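[1] quick one, fold the following:
(2 chains)
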Amino acid sequence: MTIKAQRGTKDILPEESATWQMIRENAQKVFQNAGFGEISTPVFEATELFNRGVGDSTDIVNKEMYTFCVGGADKNSSSITLRPENTAGVVRAYIEHNLNRISPPQKFWYFAPMFRYERPQAGRQRQFHQVGVEMFGASEPIADAEVILTAVEFLNSLGLNDLTVELNTLGCKNCKNAYREAIKEVIKPYLDEMCDDCKMRYEKNPLRMLDCKNDTCQKIFEKEEVKKVILKDYICDDCREHFETLTGYLNSLNINYKINKMLVRGLDYYNRTVFEIKSENLGSQSAVCGGGRYDGLVEMLGGQPTPAIGFAMGVERLYAIINKKDPEKLDYYIVSTNTSETIKLARSLRNKNKKVDYDFQGKKFSKQLEKASKVANFALILGDDEIEQKFYSIKNLTTGEQVKVFNIDEL
RNA sequence: GCGGGUGUCGCCAAGUGGUUAAGGCCCCGGAUUGUGGUUCCGGUAUUCGUGGGUUCGAUCCCCACCACCCGCCCCA
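    Numbering: from 1, shown residues only, chains lettered A, B, ... in the order given. Okay, the predicted model is just below:
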């Protein structure tokens, strides 16, 4: 039996590489143009980081983490986890390296593999990639606008112009509490009818109930008096002003967005602004981007109180909906039976930054040319005549036109 | 974790309880021993996801397992 790739993992083959490279290059360009610097943190971290950073009421922490005990059974053994998302790791690095000493805001971007032990399906793998940004030290609404703008600009750079930005505000600690209590109050009479998950959420994280897809639960949220509470703003004056200023910026930037009061993200650390960007071409895993503000997280992980905001996008989901790019052809395929001349010529041309390849097996001239026409723009013919008379025949494989060249510097 | 579906060559696929398992693409070789992309000819599955069972006989029937897909859930 041969060994296959692990469930929920995928090889990225050369034929897909041009598209992947484009995604990464566009990310680098758009994010760095906006002042974000690349940060690369380790694939594994202390399990404790995610328990505290992502939140132990989340599904990610409760059932989806790749956690290992390393160091054997002795006292020094420790629990590590393959990162399920990148915000916790970046926050850890931010604190550990005192990155707050750069004058704020501090802006970072990343493109990296993540790991979640979930049931694979379309748009969901166990190893997948996220590209995203994190910004620290800016509490102003313009920071929210800038982060959303950056996400939209990146998506536009990939030719994705028709995606929907959904936007909501969860409020700060204070209004979040008031909202939570009001929802608990109005739902209380119906609690018995709700699904088990919602009964649990009612205690732990009532806002997550609004995300429930269960029909009976949804019907309860549709009820007049419940709806009134859900749609009523429990947002304090500061938070409201923050949100209104943000939407003002988005309006002036002509960014299309839709306010979705039901949008509550699954990670515990969010407050105030949250947003998702969705595509209709992805089936049930429709979110290509999710993000929001997490003003309390740095402090929770032991740093100074620091406002922060960021987003993450699923690279495989982006890959699924963008126009694919074909790998570039070689500049030259050398057609020759003189291998020692060929390898030297290949080296010279490669050092001149040309993409060059050639045949190793002494195949027939016509076979080499056939190969050339498949993989290269030009055939560089170096036969006995050419070597004797010191020239190269360059054949344009698109037009069929062939010319003599006496010096490779002319290429 | 729970439902539903699928599984024949690298890819797309036809097929039937009984010994040649179609076809197309790709790949390889030849026609054409220095001029390709067109054309023509030829070659490539001791085998039908894996392991059992039923049967004189199974790729096709039954069971289990595995993998993938589609929902739920969750999220990127």
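
[2] where do the strands sit along the stretch 201-350 of chain A?
    A:257-259, A:271-278, A:287-293, A:308-314, A:330-335 (DSSP state E, counting those that start in this stretch).

[3] as a whole number, average confidence for the second one?
    Translated: strand A:271-278. Averaging pLDDT along strand A:271-278 gives 93.

[4] and if you look at the shortest one?
    Taken as a whole, strand A:257-259 has an average pLDDT of 93.

[5] for the fourth one, same thing?
    Over the span of strand A:308-314, the pLDDT mean works out to 97.

[6] is it anywhere near RNA strand B?
    Yes - using C-beta under 7 Å from any atom of the strand, we find that strand A:308-314 touches RNA strand B at A:312-314. (Glycine included, C-beta is placed from N, CA and C.)

[7] one more: the second one?
    Yes - where contact is defined by C-beta under 7 Å from any atom of the strand, part of strand A:271-278 touches RNA strand B, namely A:E276.

[8] using CSV, write out every CA atom in that strand.
    In CSV, the C-alpha atoms belonging to strand A:271-278 read as follows (Å, rounded to 0.1, in the frame of the first residue of the first chain):
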residue,chain,number,x,y,z
ASN,A,271,-15.8,43.7,20.6
ARG,A,272,-17.2,46.8,18.8
THR,A,273,-16.7,46.4,15.0
VAL,A,274,-17.0,42.9,13.5
PHE,A,275,-17.3,42.2,9.8
GLU,A,276,-17.4,39.3,7.3
ILE,A,277,-17.0,39.3,3.5
LYS,A,278,-19.0,36.7,1.7
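
[9] so what does it touch, helix or strand wise?
    Counting contacts by 3 or more C-beta pairs under 8 Å, 6 or more residues apart in numbering; DSSP states H and E, strand A:271-278 packs against helix A:141-157, strand A:164-169, helix A:237-252, strand A:287-293, strand A:308-314.

[10] and what of the last one?
    Here strand A:330-335 is seen to pack against helix A:339-351, strand A:356-358, helix A:365-375, strand A:376-381 when contacts are counted using 3+ C-beta pairs under 8 Å, 6+ apart.

[11] list the contacts of A:V165.
    Residues near A:V165 by C-beta atoms under 8 Å, 6 or more residues apart in numbering: A:148, A:152, A:250, A:255-258, A:275-277.

[12] of those, buried ones?
    A:148, A:152, A:250, A:255, A:257, A:275-277 (16 or more other C-beta atoms under 10 Å).

[13] shaky segments in the stretch 251-400 of chain A?
    Low-confidence segments of the stretch 251-400 of chain A (pLDDT under 70): A:266.

[14] can you give me the distance of A:I343 to A:Y332?
    14 Å (C-beta to C-beta, to the nearest Å).

[15] please name the nearest non-neighbouring residue to A:R92.
    Spatial nearest neighbour of A:R92, chain neighbours left out: A:L49 (5.7 Å); criterion: C-beta to C-beta, 6 or more residues apart in numbering.

[16] after the helix or strand hosting the one you found, next one along is what?
    If you go by DSSP states H and E, A:L49 is part of helix A:47-53. Per DSSP H and E, the first helix or strand lying C-terminal to helix A:47-53 is helix A:59-63.

[17] for RNA strand B, what are the nearby residues on the stretch 251-400 of chain A?
    A:265-267, A:276, A:283-290, A:312-314, A:316-317, A:363-367, A:369-374, A:379, A:381, A:383-386, A:393, A:395, A:397-398, A:400.

[18] filter these down to the buried ones, PyMOL style.
    Selection of the buried residues among those in PyMOL, burial being defined by 16+ other C-beta under 10 Å:
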select buried, chain A and resi 265+267+276+285+286+287+288+289+290+312+313+314+316+317+369+371+372+379+381+386+393+395+397
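
[19] still on that earlier bit, neighbour count for A:I343 and A:Y332, which is higher?
    A:Y332 (26 against 13; other C-beta atoms under 10 Å).

[20] chain center to stretch A:181-190: distance?
    Put simply, stretch A:181-190 sits 37 Å off its chain's centre (C-alpha atoms, centre = their mean, to the nearest Å).

[21] and for that stretch, what's in contact with it?
    Here stretch A:181-190 has contacts from A:194, A:202, A:206-207, A:209-210, A:220, A:223, A:225-226, A:229-230, A:232, A:234, using C-beta under 8 Å, 6+ apart.
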